[in-house]
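Asks: Quick one, structure for this:
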Amino acid sequence: MASDAEPPRSKLRWLLLLAGLTVLAIGVGGASGLFMISTIEKAVTERRKLEDEQVQKVVAYDTSFGVTNIGTVVTNLATPSDVWIRLEASIVTKTGTFPNPDPIAAEIRQDLLGYLHTLSIAQIEGPSGLAHLREDLTERVQLRSNGQVRGFFIETLVVQ
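Replies: Here you go, the predicted structure:
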């Protein structure tokens with residue numbers, strides 16, 4: 001008479017083996033998790049140290065550059081003429097380049113006003129339109145300042 005049922009000792013061995021493997025898996029997972037946490041903490045600490053060093057470098061250079069707000073430019077677009085654009089921007093100049101940066105900021109503002117008035121809504125639509133607008137405005141700022149402006153930043157751009 002052959003029986004398909006396994007003896008109780010065999011079942012107990014399988015259960016003990018399964019329990020042992022489960023405990024082993026939990027231990028290995030926990031150990032690898034702790035290792036990963038320590039590695040991540042070390043990487044974050046190194047990253048913060050690098051960022052602090054970069055901030056110190058920027059602070060050291062901060063006195064050599066000045067930021068000048070060029071003011072607000074508001075005008076309507078060429079087509080459609082009932083759509084208005086409002087731009088607020090700033091320029092970065094090396095300290096001492098312009099004894100008073102306000103006159104160059106006023107010239108740049110007037111130049112940007114004239115340029116924005118010639119645009120159509122299709123030219124500034126979408127991400128690529130915005131990128132082209134930023135490039136064009138930066139180029140105009142460089143031309144107006146004879147290359148003395150180190151940076152041009154669009155702070156606000158509203159089209160309605």
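
Asks: mean confidence score for stretch 127-134?
Replies: For stretch 127-134, mean pLDDT rounds to 92.

Asks: So what touches that stretch?
Replies: Applying C-beta atoms under 8 Å, 6 or more residues apart in numbering, the external contacts of stretch 127-134 come out as 119, 122-124, 154, 157. (Each C-beta comes from the backbone N, C-alpha and C, glycine too.)

Asks: Who are the packing partners of the helix ranked longest in the chain?
Replies: Ranked by residue count under DSSP state H, the longest helix found in the chain is helix 8-62. Using 3 or more C-beta pairs under 8 Å, 6 or more residues apart in numbering; DSSP states H and E, no helix or strand is in contact with helix 8-62.

Asks: moving C-terminal of it, what's the next helix or strand?
Replies: Sequence-wise, the next helix or strand downstream of helix 8-62 (DSSP states H and E) is strand 65-76.

Asks: Give the buried residues for that next one.
Replies: Applying a neighbour-count criterion of 16 or more other C-beta atoms under 10 Å, the buried positions in strand 65-76 are 66, 68, 70-71, 73, 75.

Asks: Measure how it sits relative to helix 8-62, angle-wise.
Replies: Relative orientation of strand 65-76 versus helix 8-62 (axes from the mean of the first three to the mean of the last three C-alpha atoms, to 10 degrees): 90 degrees.

Asks: Can you list the strands that strand 65-76 pairs with?
Replies: Its sheet considered, strand 65-76 pairs with strand 84-94 (antiparallel) by DSSP bridges.

Asks: any idea how far the strand it pairs with is from the chain center?
Replies: Centroid displacement of strand 84-94 relative to its chain, using C-alpha atoms, centre = their mean, to the nearest Å, is 19 Å.

Asks: Residue 151 should be in a strand, yeah?
Replies: Yes: counting by DSSP: H, G, I helix; E, B strand; the rest coil, residue 151 is found in a strand.

Asks: Quick check: it touching residue 68?
Replies: No: with contact defined as C-beta atoms under 8 Å, residue 151 does not reach residue 68; the gap is 10.6 Å.

Asks: Give me the common contacts of the two.
Replies: Residues touching both residue 151 and residue 68 by C-beta under 8 Å, 6+ apart: 91-92.

Asks: looking at this structure, which helix or strand does the model trust least?
Replies: helix 8-62 (a mean of 86; mean pLDDT, DSSP states H and E).
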